[in-house]
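**Student:** this one's sequence-less:
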């Protein structure tokens, strides 16, 4: 069998497979769009709720927990114990 024919058949098979995948994706996309249009809408009140406002003045909520988490992460990274690390200041960036 001619090696050029084998290469052409291999490349042809790959491209036919890729084109088939594209068509399957297009069909699935159309099906999902059709399902989304028929899906009932969620209540507007639940969707439009604003998230809670951040603390004023740069204050960090649960400061102790944040300090513990930061010191544990730093201690793990540098190979020290968490008690050996002293965090002097902490501010939101």
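**Tutor:** Everything's here; your move. Please read all numbers here as calculations on a predicted model, not as lab measurements. Numbering: from 1, shown residues only.

**Student:** what mean pLDDT does stretch 8-23 get?
**Tutor:** What stretch 8-23 shows for mean pLDDT is 97.

**Student:** quick one: it to chain centroid distance?
**Tutor:** 31 Å (CA atoms, centre = their mean, to the nearest Å).

**Student:** report the buried residues of it.
**Tutor:** For stretch 8-23, the neighbour count (16 or more other CB atoms under 10 Å) marks no residue as buried. Yep, even glycine has a C-beta here, placed from its N, CA and C like the rest.

**Student:** same question, stretch 20-40
**Tutor:** Residues of stretch 20-40 classed as buried by neighbour count (16+ other CB under 10 Å): none.

**Student:** after the least confident helix or strand in the chain by mean pLDDT, next one along is what?
**Tutor:** In the chain, the helix or strand scored least confidently by mean pLDDT, DSSP states H and E is helix 44-47, which has a mean of 53. Per DSSP states H and E, the first helix or strand lying C-terminal to helix 44-47 is helix 63-78.

**Student:** what residues sit buried inside that following helix?
**Tutor:** Residues of helix 63-78 classed as buried: residue 71 (neighbour count, 16+ other CB under 10 Å).

**Student:** make 28 the first number, not 1, from now on.
**Tutor:** Got it, the first residue is 28 from now on, which makes the last one we talked about helix 90-105.

**Student:** give me the mean pLDDT for it.
**Tutor:** In this model, helix 90-105 has an average pLDDT of 86.

**Student:** contacts for that helix, please.
**Tutor:** Helix 90-105 is touched from outside by 87, 108, 109, 111, 112, 114, 117, with contacts defined as CB atoms under 8 Å, 6 or more residues apart in numbering.

**Student:** Provide the secondary structure category for the last one.
**Tutor:** Secondary structure, DSSP: H, G, I helix; E, B strand; the rest coil: residue 117 is coil.
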